[in-house]
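*Asks:* sequence first, predicted model second:
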Amino acid sequence: MAGARVTVLDSKITRKPGRLSSAVFAGVLLGGVLYAGGSLLADVSALRSTPTFEFVLLGLTLAIALGFEFVNGFHDTANAVATVIYTHSLEPHLAVVWSGLWNFIGVLTSSGAVAFGIVSLLPVELILNAGTHAGFAMIFALLFSAILWNLGTWYFGLPNSSSHTLIGSILGVRLMNQLMAPQHTGASGVDWTQAIGVGKSLLFSPLIGFFCSALLFLLMKRFIHSHTLYCEPVGTEPPPFWIRSMLVLTCTGVSFAHGSNDGQKGMGLIMLILVGTVPAAYALNHAVRGPEVQTFLAVSEQTARVLSSYENPGTTAPAKIRPVLEQLINQSRIETATVPALTAVILRIAADVAPYGALASVPIELSGNIRNDMYLAGEALRTIESKHLLPLGPEDAEAIRNYLVAVDRATKFIPNWVKVAVALALGLGTMVGWKRIVITVGERIGKTHLTYAQGAASEVVAMATILAADRFGLPVSTTHVLSSGVAGSMAANQSGLQWGTLRALAAAWLMTLPVSVALSDGLFWIFRHVM
């Protein structure tokens, strides 16, 4: 049965894109590369004292980070086009280009919140030292472990979650960072609550996809009486217009949501690389000028005044401010020196920024230190607020939130060229590696050809799930939901399931966290010693 239905699509899937489409894609790719490369050169050309070695290191790390997004395109983006290809709603190459376009739009319109949320999961002491050997060891370990696991699962045609792979890599780095740190330093270790949360999502997201898609398929059968909707496609004819429109719409929604969410993970790591290698250009947001600087100074004074009302008597020596705040962030505990240290760093940042009318005017030698101080102050205040470590009244809490908004504006920004580079890497990855994952989703999960209704049910559930995940900040894998959604719709239709494929998928999903943790754990240890 499987072999019979492969022949129907063989000519489509193996057909090479036409010359016109290839020329258009090559033109877009070249334009994007020139724009991103030109923007990067323009940003760093004004830096007179940056050694050539740092530029070489910058180029290498950026290439690896974009390589992660390239491989990400093999998996997650390819999932979005599987149902429209196997229901003949769109021609394969048109579907891939259409999905890539909406991934691109999703990346460009993303807020950056997910990007910096990923960065905040990393060990704070390594973030503050992103430009040192330890910082680069962390970045290399994260990226190489994620790329290796993603390539391995792609090679065997197994849809896998790049998000969970990256989170597992982060957990591995945190674990080895704690093991390698001297005793009693309070180094960041594994957040086991977070690890359990990711493990639960790995367990529940396939169940959500399976049962919700099965239920939606049965509801469609109950209320939509159209014989064509529940039959296999005849030859290569497209489905009825309304169901074709729904499938294209859900493919568009999944692609856009993937770009706006998953695309940001690479952005966060790229910004960490840029800050570590060329802090003078990227440590602070040069768009913050005049009135915004004055607003920042005002909210700094207000926040320091609020904190002073919670201080215990005494002060914190300047040399001990950062260790005290790192301990607060890592251990979520208030000590005698905590609030004085936080007040002192907020006032120090304001004093450093006050002489300049814009962050672009801050001297090169101060940029990196000011950013690190801002990062510490922001994360410390978030820890206090989220863990309720101080009895903040409504007005005090509002003052702290205003300060956090100002700090985020100054440090959490993503240049447009970074978004373009990530979008191109995702799109190029999809163009190169889409077939393996698409064939698995379309042919190797069920024993019969995917019907229009099954494709629609799976895509609608995947789109709704990823949008809900964005809304509530849940680490749910769209890859898992879509693949298991196809299985659920097959089961609901009593079409039969290919249990060999499902066992392989389940094994890959269950192995994602432990394998990515072990890979990044070992790679971080190796890179720390080599570098």
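*Replies:* All right, it came through fine.

*Asks:* so who does residue 288 touch?
*Replies:* 296, 358, 359, 409, 410 (CB atoms under 8 Å, 6 or more residues apart in numbering). Placement of C-beta: from N, CA and C, glycine included.

*Asks:* relative to residue 413, how far out is it?
*Replies:* Computed as CB to CB, to the nearest Å, the residue 288 to residue 413 distance reads 9 Å.

*Asks:* re the thing from before, nearest to residue 243 among the contacts of residue 288?
*Replies:* Closest approach between the contacts of residue 288 and residue 243, by CB to CB: residue 409, at 45.2 Å.

*Asks:* who's in contact with the helix or strand that closest one falls within?
*Replies:* Using DSSP states H and E, residue 409 maps to helix 394-411. Applying CB under 8 Å, 6+ apart, the contact partners of helix 394-411 are 116, 283-285, 288, 292, 295-296, 299-300, 302-303, 306, 309, 346, 359, 371, 374-375, 377-378, 381-382, 384-385, 392.

*Asks:* quick revisit: of the contacts of residue 288, which is the nearest to residue 94?
*Replies:* Using CB to CB, residue 409 is the member of the contacts of residue 288 that lies nearest residue 94, at 40.4 Å.

*Asks:* quick check, pLDDT for residue 371.
*Replies:* Note for residue 371: predicted pLDDT of 93.

*Asks:* again with residue 116
*Replies:* On the pLDDT scale, residue 116 gets 82.

*Asks:* residue numbering should commence at 76 henceforth.
*Replies:* With the count now opening at 76, the last piece we talked about shows up as residue 191.

*Asks:* my guess is residue 173 contacts residue 329, does it?
*Replies:* No. Using CB atoms under 8 Å, residue 173 is not in contact with residue 329; the gap is 11.5 Å.

*Asks:* between these two, tell me which one has more neighbours.
*Replies:* Between residue 173 and residue 329, counted using other CB atoms under 10 Å, the more crowded position is residue 329 (31 against 19).

*Asks:* for that one, which non-adjacent residue is closest in space?
*Replies:* In space, and not counting its chain neighbours, residue 329 is closest to residue 155: 4.2 Å by CB to CB, 6 or more residues apart in numbering.

*Asks:* which residues does that neighbour contact?
*Replies:* By CB under 8 Å, 6+ apart, the contact list for residue 155 reads 174, 326, 329, 330, 333, 537, 557.

*Asks:* quick one: which of those residues sit in helices?
*Replies:* 174, 326, 329, 330, 333, 537, 557 (DSSP state H).

*Asks:* any idea which of those residues the model trusts least?
*Replies:* Minimum pLDDT across those falls on residue 333, with 78.

*Asks:* so how many other residues sit close to that residue?
*Replies:* 28.

*Asks:* settle this for me: it is touching residue 179, isn't it.
*Replies:* No. Checked against CB under 8 Å, the pair residue 333 and residue 179 is beyond contact range at 11.0 Å.

*Asks:* what about residue 341, how many neighbours?
*Replies:* Residue 341, neighbours per other CB under 10 Å, totals 29.

*Asks:* just give the closest residue to it, not the sequence neighbours.
*Replies:* Nearest residue to residue 341, sequence neighbours excluded (CB to CB, 6+ apart): residue 144, at 4.1 Å.

*Asks:* hmm, back to that, tell me the one of the contacts of residue 155 nearest residue 425?
*Replies:* For these, the nearest to residue 425 is residue 333 (40.2 Å; CB to CB).

*Asks:* gap between that closest one and residue 454?
*Replies:* Here the criterion is CB to CB. By it, residue 333 lies 28 Å from residue 454.

*Asks:* below-threshold pLDDT in the protein: ranges please.
*Replies:* Counting by pLDDT under 70, the low-confidence segments of the chain come to 76-93, 96, 121-127, 151-152, 258-270, 272-274, 276-277, 387-394, 545-551.

*Asks:* residue closest to the middle of it?
*Replies:* residue 340 (2.4 Å; CA atoms, centre = their mean).

*Asks:* just the element for it, please.
*Replies:* helix 338-352.

*Asks:* what helices or strands is the helix or strand following that helix leaning on?
*Replies:* Using DSSP H and E, the helix or strand that follows helix 338-352 in sequence is helix 354-357. Under the contact criterion of 3 or more CB pairs under 8 Å, 6 or more residues apart in numbering; DSSP states H and E, helix 354-357 touches helix 94-120, helix 338-352, helix 439-462.

*Asks:* got the ones you listed as CSV, with distance to residue 503 columns?
*Replies:* Formatted as CSV, those follow (distance: least, CB to CB, whole Å):
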stretch, distance to residue 503
helix 94-120, 7
helix 338-352, 13
helix 439-462, 32
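
*Asks:* of all these, which lies closest to residue 573?
*Replies:* Checking the helices and strands packed on helix 354-357 against residue 573 by CB to CB gives helix 338-352 as the closest, at 31.1 Å.

*Asks:* can I get the closest one in PDB, CA atoms only?
*Replies:* The C-alpha coordinates for helix 338-352 follow below in PDB (Å, rounded to 0.1, in the frame of the first residue of the first chain):
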ATOM      1  CA  GLY A 338      13.300  31.500  14.500                       C
ATOM      2  CA  GLN A 339      14.000  33.600  17.600                       C
ATOM      3  CA  LYS A 340      16.000  30.900  19.300                       C
ATOM      4  CA  GLY A 341      18.900  31.400  16.800                       C
ATOM      5  CA  MET A 342      18.500  35.100  17.200                       C
ATOM      6  CA  GLY A 343      19.100  35.000  20.900                       C
ATOM      7  CA  LEU A 344      22.300  33.000  20.500                       C
ATOM      8  CA  ILE A 345      23.500  35.300  17.700                       C
ATOM      9  CA  MET A 346      23.000  38.400  19.800                       C
ATOM     10  CA  LEU A 347      25.000  36.700  22.600                       C
ATOM     11  CA  ILE A 348      27.800  36.100  20.000                       C
ATOM     12  CA  LEU A 349      27.700  39.700  18.800                       C
ATOM     13  CA  VAL A 350      27.800  41.100  22.400                       C
ATOM     14  CA  GLY A 351      30.700  38.800  23.300                       C
ATOM     15  CA  THR A 352      32.800  39.600  20.200                       C
END
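
*Asks:* gap between the residue nearest to the centre of the chain and residue 107?
*Replies:* Distance from residue 340 to residue 107, counting by CB to CB: 19 Å.

*Asks:* equivalent analysis for residue 215, please.
*Replies:* 25 Å.

*Asks:* over to residue 505?
*Replies:* Residue 505 is 14 Å from residue 107, by CB to CB.

*Asks:* go on, residue 413?
*Replies:* 46 Å.

*Asks:* show me what the helix or strand hosting residue 296 packs onto, helices and strands only.
*Replies:* Secondary structure from DSSP H and E places residue 296 in helix 267-298. If you count contacts as 3+ CB pairs under 8 Å, 6+ apart, helix 267-298 packs onto helix 237-255, helix 527-547, helix 553-567, helix 574-605.

*Asks:* quick one, the longest one and helix 267-298 angle?
*Replies:* The directions of helix 574-605 and helix 267-298 differ by 150 degrees, with axes from the mean of the first three to the mean of the last three CA atoms, to 10 degrees as the criterion.

*Asks:* how far out from the middle of the chain is helix 574-605?
*Replies:* With CA atoms, centre = their mean, to the nearest Å as the basis, helix 574-605 stands 18 Å off its chain's centre.

*Asks:* if we can go back for a sec, the residue nearest to residue 341 touches residue 501, doesn't it?
*Replies:* Yes. Taking contacts as CB under 8 Å, residue 144 lies within contact range of residue 501: 5.3 Å.

*Asks:* who touches both of those two?
*Replies:* Shared contacts of residue 144 and residue 501 (CB under 8 Å, 6+ apart): residue 338.

*Asks:* okay, those two: which has more neighbours?
*Replies:* residue 501 (31 against 27).

*Asks:* look up how far residue 489 lies from residue 459.
*Replies:* Applying CB to CB to residue 459 and residue 489 gives a distance of 27 Å.
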